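Undergrad: sequence first, predicted coordinates after that:
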Amino acid sequence: MAKGLWAGRAWLALVYAFLYAPLLYMVVFSFNSTRQDARYTGFSWRWYEALLNDTKLVDGFWLSVQVATLTGLLSVWWARLRRMCWCVTAASVGAAYLPAWRMRLW
């Protein structure tokens, strides 16, 4: 069992390395001072300054944040409304028909 556990953990580490290595590469080379990403030439904020100076990208980002916030709030509101309606309907038929895990969600 210990050998299988070690092999499973090694496989999991390889999968995580495969998934996260490109992300780490992009983060490190996003601070590169040149356009070429094959060779690291030095630390620079150049690309982040260009990103923050592009008003279309910044406006698009804030619009995405607003849409995500509104969607999250509406989904929580809708779920609470459905839960309240379900409890009223379930109470009218009797609590004996309710599964135990749905009894206390408030």
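TA: Alright, I've got the coordinates.

Undergrad: figure out the helix or strand that the residue positioned nearest the centre of the chain lives in.
TA: The centroid of the chain falls nearest to A68 when counting by Cα atoms, centre = their mean (11.7 Å). In the assignment (DSSP states H and E), A68 maps to helix 55-93.

Undergrad: rounded mean pLDDT for that helix, please.
TA: On average, the pLDDT along helix 55-93 is 85.

Undergrad: could you do stretch 26-33 as well?
TA: 86.

Undergrad: what is the end-to-end distance of it?
TA: Stretch 26-33 stretches 13 Å from its first residue to its last (Cα to Cα, to the nearest Å).

Undergrad: can you give me the buried ones in that stretch?
TA: In terms of neighbour count (16 or more other Cβ atoms under 10 Å), stretch 26-33 has its buried residues at N32. Using the backbone N, CA and C atoms, a C-beta is placed for each residue, glycine as well.

Undergrad: what does it contact?
TA: D37, Y40, T41, G42, F43, S44, W45, R46, W47, Y48 (Cβ atoms under 8 Å, 6 or more residues apart in numbering).

Undergrad: of these, buried ones?
TA: Buried among the contacts of stretch 26-33 by 16+ other Cβ under 10 Å: none.

Undergrad: pLDDT-wise, what's the bottom of the residues you listed?
TA: Lowest pLDDT among the contacts of stretch 26-33: D37, 67.

Undergrad: does T41 touch R35 like I think?
TA: No. With contact defined as Cβ atoms under 8 Å, T41 does not count as touching R35 (10.1 Å).

Undergrad: could you dump the contacts of stretch 26-33 into CSV with distance to F31 added?
TA: Output for these, formatted as CSV (distance: Cβ to Cβ, whole Å):
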residue, distance to F31
D37, 11
Y40, 9
T41, 10
G42, 9
F43, 5
S44, 6
W45, 7
R46, 9
W47, 8
Y48, 8
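
Undergrad: and the chain, what are its domains?
TA: 1-53, 56-106 (automatic domain parsing).

Undergrad: what's the spacing between the first one and its chain's center?
TA: Centroid separation between domain 1-53 and its chain, computed with Cα atoms, centre = their mean, to the nearest Å, is 18 Å.
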